[in-house]
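S.K.: I need the structure of the sequence given here:
(one chain, ligands or ions: 1)
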Amino acid sequence: MAKLYFNYSTMNAGKSTVLLQASHNYRENNMDTYLLTAQIDDRAGSGRIASRIGITAEADMFADEDDLFAMVDARLKQGKLACVFVDEAQFLTNAQVWQLARVVDDLKLPVLCYGLRVDFQGQLFPGSAALLALADEMREVRTICPCGRKATMVIRQDDSGHAITEGAQVQIGGNETYVSLCRRHWREAVGDLAAENPEQ
Ligand SMILES: [Zn+2]
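M.R.: Residues are numbered from 1 along each chain as shown. Presented below is the predicted three-dimensional model:
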């Protein structure tokens, strides 16, 4: 039975690598897949999903106004599909997550979404909130904090390594970097940790 999956993680957990590997496994068995990724700036044309370890694949890009049910339906008319993969799923709108749910229910195609759960301020992304509500199955793509605990949070740093605590949810083309941390060290980095540290 087809399902809507949400594979969530924090930054730099390798979710695009997991996505590309999963898609590759289908294609290796002569089953076609359809890849989508978010258009997060003004670049036109076809998109690309790239992993940090160097593998890439062509993907169609979606913007807020795109109807993903219509895009998948149009792609199906060109040939059979085994599965739909969506990278940067945190940027889906609520309506687009419902469109993907219709792909699963009405077109009987599995849809695997990969995205960040929370932003640098610890808030759910809109697409992630909708996926947490609607997905049939959720899996965590794990990574670790430098302390060894599971990283669930992310900080945005300026080029001198200071945590930035304000600004837009999506920053395009800046010099900032992102570091994944456990919640405790995230709180320390953003200046929200009690003076007493009974544990350490
Ligand atoms: Zn930590």
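S.K.: For the closest residue to Leu124 other than its chain neighbours, list the residues it contacts.
M.R.: Distance criterion CB to CB, 6 or more residues apart in numbering; nearest residue to Leu124, sequence neighbours excluded, is Val118 at 5.8 Å. No exception for glycine: its C-beta is placed from N, CA and C like everyone else's. Val118 makes contact with Thr10, Leu124, Phe125, Ser128, Thr152, Met153, Val154, according to CB atoms under 8 Å, 6 or more residues apart in numbering.
S.K.: mind checking the backbone torsions on Val118?
M.R.: Taking degrees, to the nearest 10, you get phi -120, psi 160 for the backbone angles of Val118.
S.K.: hmm, which of the contacts of Val118 are the buried ones?
M.R.: Among the contacts of Val118, those classed as buried by 16 or more other CB atoms under 10 Å are Thr10, Phe125, Ser128, Thr152, Met153, Val154.
S.K.: can you narrow these to ones near the ion?
M.R.: Residues of these in contact with the ion (CB under 5 Å from the ion): none.
S.K.: Could you list which of those belong to strands?
M.R.: Met153, Val154 (DSSP state E).
S.K.: Please report how far the residue nearest to Leu124 lies from Ala168.
M.R.: Going from Val118 to Ala168 by CB to CB, to the nearest Å gives 15 Å.
S.K.: doesn't Asn25 fall inside a helix?
M.R.: Yes: according to DSSP: H, G, I helix; E, B strand; the rest coil, Asn25 belongs to a helix.
S.K.: Pull stretch 72-79 out as PDB, backbone CA atoms only.
M.R.: The C-alpha trace of stretch 72-79 is given here as PDB (Å, rounded to 0.1, in the frame of the first residue of the first chain):
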ATOM      1  CA  VAL A  72       3.100  14.100 -10.600                       C
ATOM      2  CA  ASP A  73       0.000  13.400 -12.700                       C
ATOM      3  CA  ALA A  74       1.600  15.000 -15.800                       C
ATOM      4  CA  ARG A  75       4.800  13.000 -15.200                       C
ATOM      5  CA  LEU A  76       2.900   9.800 -14.900                       C
ATOM      6  CA  LYS A  77       1.500  10.400 -18.400                       C
ATOM      7  CA  GLN A  78       5.100  10.000 -19.700                       C
ATOM      8  CA  GLY A  79       5.600   6.600 -18.100                       C
END
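S.K.: quick one: contacts of that stretch?
M.R.: Here stretch 72-79 makes contact (CB under 8 Å, 6+ apart) with Asp32, Tyr34, Asp60, Leu81, Val84, Val103, Leu107, Leu109.
S.K.: tell me which residues of it are tucked away?
M.R.: So for stretch 72-79, counting by 16+ other CB under 10 Å, buried means Val72, Asp73, Leu76.
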